[in-house]
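[1] mind looking at a prediction? Sequence and model below.
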Amino acid sequence: MYHLYLVKGIGGRIGFGIATNIKDRNKHYSSHSGDIVTFPVIYGGLRSHAKAIEKTIKNELSDHIWYVDDWKTEWLDKKYDETFLENFVSKTIEEKHCKLKIIHRNYNFTLDNS
Amino acid sequence: MPATAASMVAQAMAQELIYQPVPRKPNPMVNINPLKRGSGKTVTLEDRVIELEKTAAWKKNIKQWQEEQTLFDMNRLPKVARVPLGDLLIDEDVQRPLDEKHCAKIAKPGPFDPALLQTLQCIKRSDGKFVSTDGQHTGAVLSALLNAGVAGNINWKTFEFNVQYIETDDLAFARRAFSVLNGKGKKRQSAYQLLRNDVYIIRIDGNTSDEEEVITEKKVSIAESNECFPVEEDSPLCKYPSTFTNIATFKTMTNEEIDLSTKWHNKYFHRDPIHVSLFFIFKDLCRDFNSAKLPITEKLLEELAGLIQNLFVDLSQYSSSAKEAYNRWHKNRYGYLGSWNDDAYACGLLHLYKKFKGQEKLPLTLLDRFDDLINFFDEDLLNLAS
């Protein structure tokens, strides 16, 4: 199982990413941020599909991406919230018939006993 | 009629080959395609100066000039003169040897246009001699044409031609100038800019005298008729569906290959930018199916689209997965990572098609290559076939 996740930064900014091990990834965000970081939505499914949708986000939302100087991040401009990104991702998954499903909501590693 | 066991198995195994339609969205490129027509806009040099002066890089540059209190020497600006061709010298240690074939090519009647001859670049030594630092081919072609009498009765040696020069005996300057004039430090035209020029000459200027330009414009027209659009690399237009940037590969394709590939893209993957693998795949399919005298059926085209959609979502992800598989295959077979081979796009796709029980006939020439590449695709994908 591979994952495509939405991430909410401590300041509320919304981002996205892909990972095999979601628990480790969430710990990394938390340790860098100095607080528990939430993944509002996690989609699970085929690795190739998660990667394809991540690329689609980067391309179709290229005008909404947050830049740190010239560095293109995997975070959106602050005016876009998690509902905006979830709607975009879910609609894309549905329209493109991707094999990805929501497997967690409001996830963080402290809730994960695996 | 009851289905036979065999046909039920075939149907069940072919699930991953079934393409499901994706809702079509209007493509903004249809209206904003820059190749459709020129902007028709002219700006003044002053507009450009204002534009330049606004940039951070330029401001930083000027600040440095000011801090160093430097003035550039106006006497170093190049001068122009008309010099008899027979008086010109060529320093063989600065310029390349004469390329006779190149000269013969540019001097062909028809394509040769004297209006395109460029000013010769020279240094003027303290002994008064002009030494050419760039443009020996232009000089040689013009002189030889005059000598052949194709411009009438003109003595080429006394014929005066335009020369741009600076006065110096410094050959290091001449060598550096030759490098600069021949590309070093110059902003070269991109493949897209060259293509745009060819297209504009036909579409805006209505000039069809150059065969290559006509051929290029035709290719672009075919792609556009299938709502596919060449755009500049890294331009803001790249985010739009059905745009592509690999002009070099596009230009190597035949009209039929362009039509088939862009039609296929527009039918099945109209929401995505075009990945260059599209062109490599269709070039290989067209050429190998043609050699094997096999038809590329509509069923095959749809099933290949279904396979890509079901396993990879889109062609871009297929390409990434194929490259990963190729790297693992190469490492396993040869013990080290090899450079990517574009033929593996089509071969890998047809191997997957067979694996997922595709029934259409395929040329063995494509199936025989990279024969066990299929085993190196992601396990979760291959498991879908079993």
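    Looks like it arrived, so ask away.

[2] tell me the contacts of the closest residue to A:Y29 other than its chain neighbours?
    Residue nearest to A:Y29 in three dimensions, not counting chain neighbours: A:V37, with 4.0 Å by Cβ to Cβ, 6 or more residues apart in numbering or on different chains. Quick note: C-beta positions are derived from backbone N, CA and C, even for glycine. Residues counted as contacts of A:V37 (Cβ atoms under 8 Å, 6 or more residues apart in numbering or on different chains) are A:7-10, A:26, A:29-30, A:108.

[3] with B:Q20 instead?
    Contact analysis of B:Q20 by Cβ under 8 Å, 6+ apart lists A:97, B:306, B:309.

[4] quick one: pLDDT of the last one?
    As summarised for this prediction, B:Q309 has a pLDDT of 97.

[5] surely it forms part of a helix?
    Yes. Counting by DSSP: H, G, I helix; E, B strand; the rest coil, B:Q309 is part of a helix.

[6] what's the burial count for it?
    25 (other Cβ atoms under 10 Å in any protein chain shown).

[7] likewise the second one?
    By the criterion of other Cβ under 10 Å, B:G306 has 22 neighbours.

[8] got the buried residues for the helix or strand encompassing it?
    Here B:G306 sits within helix B:298-312, counting by DSSP states H and E. Within helix B:298-312, the residues scored as buried using 16 or more other Cβ atoms under 10 Å in any protein chain shown are B:300-312.

[9] ok, which of these also contact chain A?
    Subset of those in contact with chain A: B:309-312, counting by Cβ under 8 Å from any Cβ of the partner chain.

[10] pLDDT score assigned to B:T297?
    Listed pLDDT for B:T297 reads 97.

[11] same question, B:K187
    66.

[12] mind listing what's buried in stretch A:88-99?
    Those would be A:88-89, A:92-93, A:96-99, for stretch A:88-99 by 16+ other Cβ under 10 Å.

[13] same question, stretch B:91-103
    Within stretch B:91-103, the residues that count as buried by 16+ other Cβ under 10 Å are B:94-95, B:103.

[14] what of stretch A:64-82?
    Those buried within stretch A:64-82 under the rule 16+ other Cβ under 10 Å are A:65-66, A:75-76, A:80, A:82.

[15] what's the answer for stretch A:13-25, then?
    So, applying 16+ other Cβ under 10 Å, buried residues of stretch A:13-25: A:13-19, A:22, A:25.

[16] tabulate these (JSON lines), appending pLDDT, secondary structure and distance to B:N33.
    Output for the buried residues of stretch A:13-25, formatted as JSON lines (pLDDT from 0 to 100; DSSP: H, G, I helix; E, B strand; the rest coil; distance: Cβ to Cβ, whole Å):
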{"residue": "A:R13", "pLDDT": "97", "secondary structure": "coil", "distance to B:N33": "35"}
{"residue": "A:I14", "pLDDT": "97", "secondary structure": "strand", "distance to B:N33": "33"}
{"residue": "A:G15", "pLDDT": "97", "secondary structure": "strand", "distance to B:N33": "33"}
{"residue": "A:F16", "pLDDT": "98", "secondary structure": "strand", "distance to B:N33": "31"}
{"residue": "A:G17", "pLDDT": "98", "secondary structure": "strand", "distance to B:N33": "34"}
{"residue": "A:I18", "pLDDT": "97", "secondary structure": "strand", "distance to B:N33": "33"}
{"residue": "A:A19", "pLDDT": "97", "secondary structure": "strand", "distance to B:N33": "39"}
{"residue": "A:I22", "pLDDT": "96", "secondary structure": "helix", "distance to B:N33": "42"}
{"residue": "A:R25", "pLDDT": "98", "secondary structure": "helix", "distance to B:N33": "41"}
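
[17] stretch B:28-44 and chain A in contact?
    No. Against chain A, stretch B:28-44 shows no contacts by Cβ under 8 Å from any Cβ, the least distance being 12.2 Å.

[18] then stretch B:263-272?
    Yes. Stretch B:263-272 is in contact with chain A by Cβ under 8 Å from any Cβ, via B:271-272.

[19] distance from that stretch to the middle of the chain?
    22 Å (Cα atoms, centre = their mean, to the nearest Å).

[20] what sits up against that stretch?
    So stretch B:263-272 is contacted by A:56, A:95-96, B:19, B:22, B:24-25, B:27, B:226-228, B:241-242, B:274, B:278, B:282, B:301-302, B:305, B:308-309, B:314-316 (Cβ under 8 Å, 6+ apart).
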